[in-house]
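# predicted model and sequence follow; I will ask about them next.
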Amino acid sequence: MSKKNPEYDFAWCPGCGDFGVRRAVEFALNDRIKETEEIIENTVVVAGIGCSGNLVHLLEDPQPFGLHGIHGRSLPIAFGVKMANPDLNVLTVAGDGDFLSIGMEHIAPQATRNLDICSVVMDNGVYGLTKGQSSPTTDYGVKTTSTPYGKIEDKIHPLKYYLTIGASFIASGYSSKPRDLAKLIQAGMEHPGFAVVHVQSPCTTYNDTYEILKGNAKKGVPGLMYDIPEEYDRTDRLAAEELINSPGIPVGIIYEDKTRPSLTAETNRITESVKSRDVAQLLSDYDF
Amino acid sequence: MVNIVAQQCPFCPIKLKLIIRLFNKLQRVPMGRYMSKRQDFVVRFAGEGGQGVVTASEALARIASEVGYHSLTFATFPSQIMGGPTYTQARISTSPVLSPGDELNVLVALNEEAYETHKGEVAADGIILYDSSFTPSGNEKAIGMPFDDLAKEAGDARTANMVMMGALASLVDMPVKYLQEFIEKRYLSRGQEIVDANFRAIDFGIEKASESPFNLGELDSPNPPDYKQSMMKGNDAISLGAIRAGLNFYVGYPISPATTILLYMERNLVQEGKFVYQASSEIESINAILGGGYAGKKSMTATAGPGFSLMSEGLGLAWMAELPLVVVDVQRGGPATGLPTKTEQSDLFSAINPAHGDVSLPVIAPGNVEECFTAGVMSLNWAERYQGPVILLTEMSLAERVQNIKKPDLDTVNVENRIVYEGNNGYLRYDGFELSPMPIPGKPGSYIANGSEHDSMGDTTHLPSRHIQMTERRFSKLNLLKDGDFEEENANSSIVLMPWGGSKGSVREAYNQLRDSGLDVGWLYTMYLNPLPEDLLIKLRSKDLVIVPELNYQGQFSSILRSYGVKAKSITQYTGLPFKVVDLVSSINDLVNQTNKAVIN
């Protein structure tokens, strides 16, 4: 919505990382419009359910189309939107619970198809909207409202997962640096294939990880995040594996393969080679 | 091979068989039997999956229809690729066929198990053709022949079906030229050798059957319809109807008995601007076509019970966010995995109310192959007209039924398109209590299609006044769909039959018999089950008794009708098989008599 809508009754908590992600999406879309002269209505933002999905309502600049669907299904919906009209710029926004727990079955198919969309994942390591349950990215042993004796599952490693299933663009970002994040999102949108931008977007209410991520020199906390060095070759899959297997959270573009054809390219190839028949011809198959 | 056979049969086999047959007729068959000719016969092919029983009944139906008879097939499969007991049935008639037929005039048993399982359903004067690899224990009228050996002898092991066709034709004195025409049409492109082998296979079949004393009596000459015909399965007809209505987005997941629609679309719909894809699950299918409908496409998927259950939440979203799409549910026995290859009409409740919350989805349930085409068209038309999800509810027996139908007239089909918003930005997509133009991404009019309750621009809200407005708005759109066609006969009767879906044909046959016997009973029928045509509902409410034969335990449709104030009673069956006309006639008679007694008392 462009202005504050008095009927809309949802708000992020003060300090929520999702504010920064929203700003980054706005920057990325504005830059895209400027650079490509594409109208904003050519973009569709498909949102999951959770705190993060509300981003689609809270964008303040010129309004793209939006679809705020059901929990876990942003990817299959985006798949439908994109293949219905491949000229559209399709973006998904979802949290770690929506994308990586209930929605996990949908990630690998888009990666293997190389669906030409960009998925922004807001990872806060907790279910916020339902008040503090453990998520796939919650650390082992952490006590949450649903794990009062500590979590007894290992957490998943999203970046490793994306690389394993064959996502052709993987970036890692941070909500507190919206300008940098915008660049990653814009690169993801421009990427001709399935792009995931995984963002550390802390929850100030249930899982405040700002200090762990950034570090605190006064307290002697080192900080998990670091910028990927400039000389890093992001087209090198083995280098990407090494990078994400190292300690800490690298920030920047981790992997990029522009050589693989996107699903749009593949379907166009098939369409061009197929001799289509109209319905009268199809019906005549049943003549006798 | 050709030469060997020629040496073995120095006489023309056709002449030989004619002589034998004439002899048989003169010797053993009372001439009176030929005074009134047979109008109809039912053949069941029973054996193991992979033995070609499906192709046999389809070939018989096709041969018969090509020479001007009417035909209909019924199939039931084992849930495995090869092996497992299976059977198919073909009914051939001089007039349009309504049901698969109750009693078998001929059983073709390809193994002993099939012989024993199905012999009980053979009519008193019926005949069993069996594969002579075994010896039947009973004293049925049975003719044994080595189908496979005769096929090999004919020169091609694949002609076993044609041995059966020859034998069948002989049993009803069908002229051999009909079979020959069919073979030439189908196989000439593959070479004269194949044609000759098939000819010989037919002759062997005729010869073997003619050697026996049994005969069914001559089938009356065909009475070919004066219109152009098509011969197809229900699922093909749905696919073609949908394509005619402008379908341009299909995503589906394999599941029996809906897979044939996915395969049809993969083969035939793919072209520029039209997308077809096999999804990773039914959850992906429903959400993908939801995205397709949102982005301006006419979108569809097809599934069966288990897949339909997985689509519930997506269907709720499509209803809530007002997104046009069609889901074909090919019903099979349920719940859970249920009876994947058997027929049932037990998904009606869940078709209308698949999702949680206040939902009432439009449902169109075709009653025969011809109506499958119309349902394919109308389901997309309805989705476009009211901007929401529509369920096309069909069933296993109809999906696999091959039937000769009047060729659908493509030119007279009325195709509807949604009202598209073509103004500037700042549009309130969900304003008001009625249908409003729908913006399409890529053009001005951006809004948020929202599965949460929303205000007029699509933003989430919890205001009671909004939930009232939007709920009423969604239900008011159903009023746009109350103009469906319906059938009515013997309108003055206070008792009517009101079948639905694939039971239509059997019930119609029962109705015809009951009317012939003098019973005063009326007929009402529609494939538009939700919402019901307004005028039909008025008529239904005026009746003393509405009898609803349906293939489920709960009597789903009759209970829905009762909720509308209709005095409806069900005749239920839950065997995984279609109704038999004889059972319907007796159950309907009972119900009518009870009601009449009650009225008199």
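That came through fine.
# who does the helix or strand encompassing B:L392 pair up with?
Taking DSSP states H and E as the definition, B:L392 sits inside strand B:389-395. With DSSP bridges as the test, strand B:389-395 is paired with strand B:325-331 (parallel), strand B:363-364 (parallel).
# skip ahead from that strand and say which helix or strand is next.
helix B:396-399.
# and the very next helix or strand once past that following helix, average pLDDT?
Moving toward the C-terminus from helix B:396-399, the next helix or strand (DSSP H and E) is strand B:402-406. Strand B:402-406 carries an average pLDDT of 96.
# need the contact partners of strand B:402-406.
Contact with strand B:402-406 is made by A:288, B:57-58, B:61-62, B:65, B:70-73, B:97, B:225, B:227-234, B:237, B:368-370, B:373, as judged by CB atoms under 8 Å, 6 or more residues apart in numbering or on different chains. C-beta coordinates here come from the backbone N, C-alpha and C atoms, glycine included.
# list the buried ones in stretch B:339-359?
B:339-348, B:350-355, B:359 (16 or more other CB atoms under 10 Å in any protein chain shown).
# which ones among those residues are found in helices?
Residues of these located in helices (DSSP state H): B:L348, B:S350, B:A351, B:I352.
# flag every residue of the stretch 401-550 of chain B that's near chain A.
B:404, B:407-408, B:410, B:425, B:439, B:441-452, B:455, B:457-463, B:466 (CB under 8 Å from any CB of the partner chain).
# just the buried residues of those.
Counted by 16+ other CB under 10 Å, those give B:404, B:407-408, B:425, B:439, B:441-452, B:455, B:457-461, B:466 as buried.
# what about those residues, which are in strands?
Among these, the members falling in strands (DSSP state E) are B:N404, B:I448, B:A449, B:N450.
# can you verify my assumption that the last one contacts B:L323?
The reference is to B:N450. No - using CB atoms under 8 Å, B:N450 is not in contact with B:L323, being 10.8 Å away.
# identify the bridge partners of the closest residue to B:A321 other than its chain neighbours.
Spatial nearest neighbour of B:A321, chain neighbours left out: B:A449 (4.1 Å); criterion: CB to CB, 6 or more residues apart in numbering or on different chains. On the basis of DSSP bridges, B:A449 is bridged to A:L67.
# can you check the pLDDT for B:A449?
Taking B:A449 on its own, its pLDDT is 98.
# residues touching it, list them.
For B:A449, the contact set (CB under 8 Å, 6+ apart) comprises A:G66, A:L67, A:H68, A:G69, B:Y294, B:A321, B:E322, B:L323, B:R429, B:G458.
# which two from those residues end up farthest apart in space?
Greatest spatial distance among the contacts of B:A449 (CB to CB): A:G69 and B:R429, at 15.6 Å.
# give me the more crowded residue out of these two.
Legend: neighbour count by other CB atoms under 10 Å in any protein chain shown for A:G69 and B:R429, higher for A:G69 (34 against 21).
# so which helix or strand takes in the closest residue to chain B within the stretch 51-200 of chain A?
Using CB to the nearest CB, the single residue of the stretch 51-200 of chain A nearest to chain B is A:G80, 2.5 Å away. If you go by DSSP H and E, A:G80 is part of helix A:74-84.
# same deal with A:V196?
Counting by DSSP H and E, A:V196 is part of strand A:195-200.
# tell me the mean pLDDT for that strand?
The average pLDDT within strand A:195-200 is 98.
# now what about it, what contacts it?
The contact list for strand A:195-200 (CB under 8 Å, 6+ apart) reads A:17, A:21, A:24, A:107, A:117-123, A:158-159, A:162, A:167-175, A:181, A:184-185, A:187-189, A:209, A:213, A:225, A:249.
# buried subset of the residues you listed?
A:17, A:21, A:24, A:107, A:117-123, A:158-159, A:162, A:167-175, A:181, A:184-185, A:187-189, A:209, A:213, A:225, A:249.
# now intersect those residues with the strands, please.
Reading strands off the buried ones among the contacts of strand A:195-200 with DSSP E, I get A:118-123, A:169-174, A:225, A:249.
# tell me the centre residue of the chain?
Unless you meant another one, I'm taking chain A. A:V120 (2.0 Å; CA atoms, centre = their mean).
# ah, no, chain B please
B:L398 (1.3 Å).
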